[in-house]
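In: Predicted coordinates and the sequence they were generated for:
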Amino acid sequence: MAGPEITIRQTGGKYSIRAHGAVIGETSRALILQEGDLAPVLYIPRDDLQMVFLDASDHKTICPWKGEACYFHLAGKSRREHNVAWSYENPLPGLADIRDHLAFHDGVTVEEVS
């Protein structure tokens, strides 16, 4: 069975990434991954994030189209949110552009600023 069409492209905008009221990253190098009919997902380069706020989780999931995803917890001063970000450390062939990028669940705000 063939998987959904997956496309990856540059966004062209500048984004601010916030959690718990603090800016944890800014980038003009975000990627948009479109997987079939699913909502597009922004992937942020790790180099543009303050990784000190993100701790690796033991949680992993498998996507048959992208590979194994590893997850990250958000470490704040007063609370910790589990598995708010994911990354494909070794994405399947054709998806290497998202290596070293993170995508975020609710709890982290990614907004275009220009």
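Out: Right, received. Where do you want to start?
In: can you map out the strands along the protein?
Out: In the chain, the strands defined using DSSP state E lie at 6-10, 15-19, 22-27, 31-35, 41-45, 54-63, 67-75, 80-87, 101-104, 109-112.
In: Each with direction, which strands does the fourth one pair with?
Out: Think strand 31-35. strand 6-10 (antiparallel), strand 41-45 (antiparallel) (DSSP bridges).
In: Give me whichever of these is most buried.
Out: Mean neighbour count (mean count of other C-beta atoms under 10 Å) peaks for strand 41-45 among the strands paired with strand 31-35, with a mean of 20. The way it works is simple: take the backbone N, C-alpha and C, and place the C-beta from them, glycine included.
In: Send me that one as PDB with only the CA atoms.
Out: What follows is strand 41-45, C-alpha atoms only, in PDB (Å, rounded to 0.1, in the frame of the first residue of the first chain):
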ATOM      1  CA  VAL A  41       3.100  20.800  10.400                       C
ATOM      2  CA  LEU A  42       5.900  23.300  11.000                       C
ATOM      3  CA  TYR A  43       9.300  21.900  11.700                       C
ATOM      4  CA  ILE A  44      11.800  24.200  13.500                       C
ATOM      5  CA  PRO A  45      15.600  23.800  13.200                       C
END
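In: ok, and what's touching it?
Out: Outside strand 41-45, the residues within contact range by C-beta atoms under 8 Å, 6 or more residues apart in numbering are 8, 11, 15, 17, 25, 27, 29-33, 35, 98, 100-104, 110.
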